[in-house]
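Novice: how would this look folded up:
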Amino acid sequence: MKPKIINAYFTDDELLRISNKIKSVEKTTSGEIAVSIREYKSLFEMKASLRQLAEKEYFRLGINKTKGGTGILIFLLLSKRQFYILADDNINKFTGNNVWAEIKNVMQEKFICGEFCKGVLFGIEEIGKILAQYFPLKPDDKNEISNRVIIRN
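Specialist: Numbers count the residues shown, from 1 in each chain. Now for the predicted structure:
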């Protein structure tokens, strides 16, 4: 069994801070933000691209089923030191893909400096601002996706 590498990147307190940030940001939007952290690709996924892995996780978590198509995933693959931001097509109709590249660039700078938690928190905050602009909180809004950070080997 491979050792858990997540401990080299995030403490339990930092994972809790990330979950709490999602909860806080979602109070301003009907959008849904999910953070999923994978440590390794499985043997069957070795040829899969990062985007393909993110898409698989996106569907596995049910982000594609959010009311109004307002889900977004921050997917991290620790063993490859890569991450991907995947938004619903409905969100991308308003924002385009460039906005995610800009957020990703700043997150990447923080990651390079070893500030992994700060990078993820920044991404959530910026994504939340965008979602609040285009998808403000509605009176009947329900939390459709868990705010807890998803961690998988």
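Novice: C-alpha from now on. contacts and neighbour counts both.
Specialist: OK.
Novice: So what sits opposite Ile150 in the bridge?
Specialist: Ile150 has these beta-bridge partners by DSSP bridges: Ser36.
Novice: Next up, the contacts around it.
Specialist: 35-37 (C-alpha atoms under 8 Å, 6 or more residues apart in numbering).
Novice: Now which of the residues you listed would you call buried?
Specialist: The neighbour count (16 or more other C-alpha atoms under 10 Å) marks 35-37 as buried among these.
Novice: which among the contacts of Ile150 gets closest to Lys138?
Specialist: Val35 (22.5 Å; C-alpha to C-alpha).
Novice: so the closest one makes contact with Arg152?
Specialist: No. Proximity of Val35 to Arg152 does not meet the contact threshold set by C-alpha atoms under 8 Å, at 11.4 Å.
Novice: contacting residues around Ile18?
Specialist: Counting by C-alpha under 8 Å, 6+ apart, Ile18 touches 117, 120-121, 149.
Novice: That one: helix or strand, and which one exactly?
Specialist: Assigned by DSSP states H and E, Ile18 falls within helix 12-25.
Novice: and that helix, how far from the chain's centre?
Specialist: Here the centre of helix 12-25 is set off from its chain's centre by 12 Å, with C-alpha atoms, centre = their mean, to the nearest Å.
Novice: List the buried residues for it?
Specialist: Residues of helix 12-25 classed as buried: 14-15, 17-23, 25 (neighbour count, 16+ other C-alpha under 10 Å).
Novice: re earlier: of the contacts of Ile18, which is the most crowded?
Specialist: Val120 (24 neighbours; other C-alpha atoms under 10 Å).
Novice: any idea how far Pro139 is from that residue?
Specialist: 28 Å (C-alpha to C-alpha, to the nearest Å).
Novice: ditto for Ile63
Specialist: Ile63 is 21 Å from Pro139, by C-alpha to C-alpha.
Novice: Pick out whichever of the two has more residues nearby.
Specialist: With neighbours defined as other C-alpha under 10 Å, Ile63 and Pro139 compare such that Ile63 has more, 23 against 7.
Novice: Which residues are in contact with the more buried one?
Specialist: Ile63 touches 32, 71-73, 145, counting by C-alpha under 8 Å, 6+ apart.
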